[in-house]
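> Generate coordinates for the sequence data below:
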Amino acid sequence: MLLSITDEISLALENLNGEIFAVWFLIGAALVFWMQAGFAMVETGFTRAKNAGNIIMKNLMDFCIGTVMWFVIGASMMLVDEGGDIGGFMGHINFDVFTNYANFDYSSFGFNLVFCATTATIVSGAMAERTKFSTYCLYSAIISALIYPIEAHWTWGNGFLAQWGFHDYAGSNCIHMVGGICALIGAAMLKPRIGKFTKDKSGKITKVNAIPGHNLVIGALGVFILWLGWYGFNGAAATDVPTLGSVFLTTTVAPAVATVVCMIFTWIKYGKPDVSMCLNASLAGLVAITAPCDVTDCFGAAMIGVVAGLLVVFGVWFTDNVLHVDDPVGAVAVHGFNGIWGTIAVGLFATESAPGFASAGISEGLFYGGGFGQLGKQFGGMFVTAAWTVVTITIVFFILKKTIGLRVSEEEELGGLDSYEHGLPSAYAGFSIMDASGDVMDVNDNTDLGEDAFEEASLAKRDAAVPVINSALPKEYASDIHKVVIIARLSRYDKLRKSLNDLGVTGMTVTQVMGCGVQKGSGSKYRGAEIDATLLPKVKVEVIVSKIPVESVIETAKKTLYTGHIGDGKIFVYDVANVVKVRTGEEGVRALQDVE
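You can find the predicted model right below:
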């Protein structure tokens with residue numbers, strides 16, 4: 001039967017339309033890949049400069065390791081081949097990417113890969129600044145190879161949740177909630193960073209201490225990159241212009257409303273609009289709209305944004321003050337709490353007026369007259385996915401903790417992972433970056449880093465690690481007043497101050513300085529070449545003592561600073577001819593009595 005010219009034109013246009021959206025599908029995948037840069041910038045900006053290189057490395061490697069795991073095993077476990085799946089639970093493990101490449105679905109492989117990498121990178125932020133890099137690589141590989149592909153198959157691989165009517169268009173449940181749960185369990189098992197919580201003598205947490213990130217500008221850039229990438233994250237699967245346009249609308253409205261609501265709320269609650277919290281709110285709104293973006297309208301997106309803007313503030317407070325879990329970037333609040341909310345929101349705000357509703361195969365939401373049917377399915381699918389994630393990731397972290405360990409040592413955490421994990425003196429070589437604020441420890445952190453090693457070390461080793469240089473005055477100017485100058489790591493300042501206070505030294509001058517020097521034969525390497533000398537942040541503490549024996553000050557400083565590694569510091573001792581107190585005119589020992 002011959003086709004009419006009209007039919008031929010219609011068929012050609014239909015084929016062209018399919019080709020256009022096939023190309024858009026891959027462009028969307030590229031936008032989602034670009035979100036890796038956004039996650040890297042947010043995590044780097046919200047943490048401290050001494051760990052910036054480590055964080056960039058983790059965000060690079062979770063995608064690269066995830067890609068390897070994906071083509072080896074992950075893709076076949078999630079995607080359905082000609083043989084179907086295994087009882088709606090997972091796909092058949094196969095190696096078609098190697099053995100049947102000519103007939104392989106390249107587009108679906110690449111598209112689902114970038115989503116898989118997103119799940120792993122969410123966990124990185126909550127466990128930042130104290131996780132072993134080797135451990136991170138291993139659990140990132142397991143998430144990409146097993147945990148994510150299987151649960152994602154249930155929803156997107158025509159698994160049992162999809163057949164049941166559960167709906168998650170782009171990943172509030174399958175990606176963000178799963179990533180948030182992994183982040184929460186990992187951060188809880190890892191324990192908080194040194195200085196995050198203050199405890200009383202019984203060990204009860206009495207105060208949550210803020211540890212600000214070092215670069216809010218980079219963090220904000222990351223949020224904008226993520227927001228741009230989210231148009232591909234949510235919109236790439238659209239196959240018609242009305243659905244794509246509606247997804248773009250809802251993906252814009254929800255985060256915008258969430259950010260405005262968060263700004264107003266923090267302005268009222270804290271007296272000032274909180275910048276970092278508003279950045280988190282933008283991401284929270286994006287996470288929450290991800291599941292219902294195709295089936296809700298503008299009003300629904302706005303209401304979802306209102307709740308997300310408040311929920312992210314509550315989530316950060318709840319994580320810190322109730323769970324006492326240290327999450328440096330707010331990943332649990334942004335992805336965990338709002339991933340749950342976005343999944344539930346489908347059952348509340350799905351409406352047949354949305355262009356994507358007809359192809360979704362679900363019922364309208366409760367607030368649009370659809371009753372509790374779809375809401376029940378959303379709760380059911382969410383609980384099944386959450387249970388799978390809790391069980392599997394707990395087993396993974398438990399095994400890693402008992403074998404190679406999750407956490408770096410106190411010395412490595414205080415000194416920074418850039419230096420100890422990657423041999424980087426600084427991720428900002430050539431810039432003068434000094435920040436001791438995030439390394440301040442309260443006495444109840446009970447860190448005795450270096451003390452056991454000091455007691456065990458020989459006298460020669462102690463003197464070599466923290467050398468003492470004496471400079472005496474001529475006999476005719478000799479006095480009982482001495483000046484002790486201590487050059488040490490920034491991370492050791494607070495413990496040094498407390499030790500000197502306990503000794504009776506209550507007055508001191510503290511200066512942040514930059515130090516330069518390399519011990520022969522022990523230089524760091526960068527790209528395989530030895531670094532001759534790099535300016536590193538140090539702290540210079542100066543004290544004047546008379547009644548307190550100078551030997552006691554020296555011994556206390558050496559014991560506090562000693563780790564046995566290069567860079568422990570130096571102590572300089574000077575005789576002081578005289579001291580004059582400007583206010584009273586007192587001189588000599590009497591001038592020191594109210595400060596020593």
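
> ok, the residue nearest in space to the middle of the chain - contacts?
Centroid-nearest residue in the chain, with C-alpha atoms, centre = their mean: residue 125, separated by 1.3 Å. Residues counted as contacts of residue 125 (C-beta atoms under 8 Å, 6 or more residues apart in numbering) are 39, 42-43, 46, 183, 327-331. No exception for glycine: its C-beta is placed from N, CA and C like everyone else's.

> what's the farthest-apart pair in the residues you listed?
39 and 327 (14.5 Å; C-beta to C-beta).

> those strands in the protein, which residues are they?
85-86, 90-91, 197-199, 205-208, 468-471, 482-489, 509-515, 525-526, 529-530, 536-545, 569-575 (DSSP state E).

> Of those strands, give the one that comes closest to residue 415.
strand 482-489 (6.7 Å).

> just the angle between the closest one and strand 569-575, please?
Angle of strand 482-489 versus strand 569-575, following axes from the mean of the first three to the mean of the last three C-alpha atoms, to 10 degrees, is 170 degrees.

> From the contact counts, what lies against strand 482-489?
The contact analysis (3 or more C-beta pairs under 8 Å, 6 or more residues apart in numbering; DSSP states H and E) places strand 482-489 against strand 536-545, helix 550-561, strand 569-575.

> Turn these into JSON lines, columns for mean pLDDT.
Below are the helices and strands packed on strand 482-489 laid out as JSON lines (pLDDT from 0 to 100):
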{"stretch": "strand 536-545", "mean pLDDT": "84"}
{"stretch": "helix 550-561", "mean pLDDT": "88"}
{"stretch": "strand 569-575", "mean pLDDT": "89"}
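
> Please convert these to JSON lines, extending it with distance to residue 50.
Converted to JSON lines, the helices and strands packed on strand 482-489 look like this (distance: least, C-beta to C-beta, whole Å):
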{"stretch": "strand 536-545", "distance to residue 50": "9"}
{"stretch": "helix 550-561", "distance to residue 50": "18"}
{"stretch": "strand 569-575", "distance to residue 50": "17"}
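
> For residue 583, find the nearest of these.
Closest among those, once you apply C-beta to C-beta, is strand 536-545, at 16.0 Å.

> Next up, the contacts around residue 181.
Residues near residue 181 by C-beta under 8 Å, 6+ apart: 336, 386, 389-390, 393.

> CSV please, covering those residues and showing pLDDT, distance to residue 24 and neighbour count.
Converted to CSV, the contacts of residue 181 look like this (pLDDT from 0 to 100; distance: C-beta to C-beta, whole Å; neighbours: other C-beta atoms under 10 Å):
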residue, pLDDT, distance to residue 24, neighbour count
336, 97, 30, 27
386, 97, 32, 20
389, 97, 31, 24
390, 97, 36, 15
393, 97, 34, 23
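
> so what's residue 122 up against?
39, 175-176, 179-180, 182-183, 331, 335.

> Give me the distance between it and residue 181.
To residue 181, residue 122 is 10 Å away according to C-beta to C-beta, to the nearest Å.

> thinking again about what came up before, if we take the contacts of residue 125, which one ends up nearest to residue 480?
residue 328 (48.6 Å).

> my read: residue 152 touches residue 79, true?
No: Residue 152 is beyond contact range of residue 79, at 9.4 Å (criterion: C-beta atoms under 8 Å).

> Need the per-residue pLDDT for the residue nearest to the centre of the chain.
pLDDT for residue 125: 94.

> neighbours around the nearest residue to it once chain neighbours are set aside, how many?
Residue nearest to residue 125 in three dimensions, not counting chain neighbours: residue 329, with 3.6 Å by C-beta to C-beta, 6 or more residues apart in numbering. For residue 329, the count of nearby residues is 30 (other C-beta atoms under 10 Å).

> No further questions, thank you.
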